[in-house]
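Asker: Here is my input, please return the structure:
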Amino acid sequence: MIKALNQIDTTNADLESLPSREVSLASFACFTDSFPLRGEQLYRILFDRHANVVQTQKARFAIANIEKILTATFEISSVSGFNKMSLRDLSKRTGMSMGAIYSCISKKEDIAMMVADIVRLSSELTRRHAMKAASFWSQIEQSVRFHLYASALLQPWYFFLYFETRSLPEQQQNESKQIELGAIRNFEKLIDEGVKAGEFKPCNSAMISNTVVVLLEDWYLKPWKTRSYSRSQQSVVSREQEINSYHRMLIELLEELLNPSRCGEPVSN
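Answerer: Model prediction:
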């Protein structure tokens, strides 16, 4: 049986198992190059973390098949919904035999748990990276940028988690919702601590935190609102420009709401 989300904790050991290279926010290109949850590395992480589900011990084949399964799932669910997708649909789309699919997952709900696990890891990487900043304002600013970059790279994963986990059992739905609630709590904590430190003006931290997370979700749930071209047509430069524009809008809103004293730290564009 696959572990529940609250049993697949993003502990120090989990993050230490990821490549140790520092994630860079210098640009979207730098972030893409340094973010550990992408490419073959992403599926290797799933293979390692879900060894209790993946039956085959041949890492090279398992990693390639997990990638096929996840890619096909995102394609199918975007058209007909995850709830209607069967493993036979998955077999047809991937070109894999049923036996090959069962060697990677025991049921389709395992896919949703893998997706949730990666999004949780991404959220924890966001929090850990921001903790290194010198001020509460800088931590918030970096959290927003990190999240925009990460969700641009993992857009199908975030989109799937938001819309498709409703087909899971209630307990697993609630565990998935904790990812969003955790992000809200993290922003709220930073704002509250910033107010106590005199860095922000007194405010409704719960409302502001919820608003920020909703606007961050808008970025990857409704890309048509902010992007001029389809994802496949976009260059790294154009995506950087759109991310910077959306980031600037969020930061300007937060400046109005928090009136931060930045301690001499510039806000990145």
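
Asker: Mind naming the longest helix for the protein?
Answerer: helix 170-196 (DSSP state H).

Asker: list the helices and strands it packs on?
Answerer: helix 109-130, helix 136-153, helix 205-221 (3 or more Cβ pairs under 8 Å, 6 or more residues apart in numbering; DSSP states H and E). Where you see a C-beta, it was placed from the backbone N, CA and C, and this is true even at glycine.

Asker: looking at the chain, which residue lies furthest from center?
Answerer: Most distant residue from the mean C-alpha position of the chain: G198, 31.2 Å away (Cα atoms, centre = their mean).

Asker: so the longest helix of the chain versus helix 109-130, what angle?
Answerer: Interaxial angle, helix 170-196 versus helix 109-130 (axes from the mean of the first three to the mean of the last three Cα atoms, to 10 degrees): 10 degrees.

Asker: list the buried ones in helix 170-196?
Answerer: For helix 170-196, the neighbour count (16 or more other Cβ atoms under 10 Å) marks 172, 175-176, 179-180, 183-184, 186-188, 190-192, 194-195 as buried.

Asker: Average pLDDT for it, rounded please.
Answerer: Helix 170-196 shows a mean pLDDT of 93.

Asker: how many other residues sit next to the nearest residue in space to N83 that is not next to it in sequence?
Answerer: Closest residue in space to N83, ignoring its immediate chain neighbours: S167 at 4.0 Å, by Cβ to Cβ, 6 or more residues apart in numbering. The burial count assigned to S167 is 17, neighbours taken as other Cβ atoms under 10 Å.

Asker: Make sure S167 is actually in contact with S77.
Answerer: No - in this structure S167 lies outside contact range of S77 using Cβ atoms under 8 Å: 9.4 Å.

Asker: What strand or helix carries D33?
Answerer: helix 28-34 (DSSP states H and E).

Asker: Need the residues that contact that helix.
Answerer: Contact with helix 28-34 is made by 21-25, 38, 146, 149-150, 152-153, 236, 239-240, 243, as judged by Cβ atoms under 8 Å, 6 or more residues apart in numbering.

Asker: Now do the buried residues in the following helix or strand past it.
Answerer: Downstream of helix 28-34, the first helix or strand assigned by DSSP H and E is helix 39-49. Buried residues in helix 39-49, counting neighbours by 16+ other Cβ under 10 Å, are found at L42, Y43, R44, I45, L46, F47, R49.

Asker: Not including adjacent chain positions, what is the nearest residue to the third one?
Answerer: Same thing as R44. I63 (5.3 Å).

Asker: cool, the first one as well?
Answerer: In space, and not counting its chain neighbours, L42 is closest to I118: 6.9 Å by Cβ to Cβ, 6+ apart.

Asker: ok, that neighbour - how many residues close by?
Answerer: Neighbour count for I118, taken as other Cβ under 10 Å: 20.

Asker: SS state for I105?
Answerer: coil (DSSP: H, G, I helix; E, B strand; the rest coil).

Asker: That one contacts I69, doesn't it?
Answerer: Yes - if you go by Cβ under 8 Å, I105 and I69 touch, sitting 6.7 Å apart.

Asker: So between those two, which is more surrounded?
Answerer: Between I105 and I69, I69 has the larger neighbour count (other Cβ under 10 Å), namely 26 against 23.

Asker: quick revisit: same question for the helix holding D33: list its buried residues.
Answerer: F28, F31, T32.

Asker: which of the residues you listed lies closest to L250?
Answerer: F28 (15.7 Å; Cβ to Cβ).

Asker: So for the closest one, what pLDDT did the model give?
Answerer: For F28, pLDDT reads 95.

Asker: If we ignore the residues flanking it in sequence, what's nearest it?
Answerer: E240 (4.2 Å).

Asker: could you dump the one helix or strand the one you found maps to to PDB, C-alpha only?
Answerer: Following DSSP H and E, one finds E240 within helix 236-258. Provided in PDB are the C-alpha atoms of helix 236-258 (Å, rounded to 0.1, in the frame of the first residue of the first chain):
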ATOM      1  CA  VAL A 236      12.700  31.100 -21.900                       C
ATOM      2  CA  VAL A 237      13.000  34.800 -22.300                       C
ATOM      3  CA  SER A 238       9.300  35.400 -22.900                       C
ATOM      4  CA  ARG A 239       8.400  33.200 -19.900                       C
ATOM      5  CA  GLU A 240      10.800  35.200 -17.800                       C
ATOM      6  CA  GLN A 241       9.200  38.400 -18.800                       C
ATOM      7  CA  GLU A 242       5.700  37.200 -18.000                       C
ATOM      8  CA  ILE A 243       6.900  35.800 -14.600                       C
ATOM      9  CA  ASN A 244       8.600  39.100 -13.800                       C
ATOM     10  CA  SER A 245       5.400  41.000 -14.700                       C
ATOM     11  CA  TYR A 246       3.200  38.800 -12.500                       C
ATOM     12  CA  HIS A 247       5.800  38.800  -9.700                       C
ATOM     13  CA  ARG A 248       6.000  42.600  -9.800                       C
ATOM     14  CA  MET A 249       2.200  42.900  -9.600                       C
ATOM     15  CA  LEU A 250       2.100  40.700  -6.500                       C
ATOM     16  CA  ILE A 251       5.000  42.500  -4.800                       C
ATOM     17  CA  GLU A 252       3.400  45.900  -5.400                       C
ATOM     18  CA  LEU A 253       0.200  44.700  -3.900                       C
ATOM     19  CA  LEU A 254       2.000  43.300  -0.900                       C
ATOM     20  CA  GLU A 255       3.900  46.600  -0.500                       C
ATOM     21  CA  GLU A 256       0.600  48.400  -0.300                       C
ATOM     22  CA  LEU A 257      -0.800  46.000   2.300                       C
ATOM     23  CA  LEU A 258       2.300  45.600   4.500                       C
END
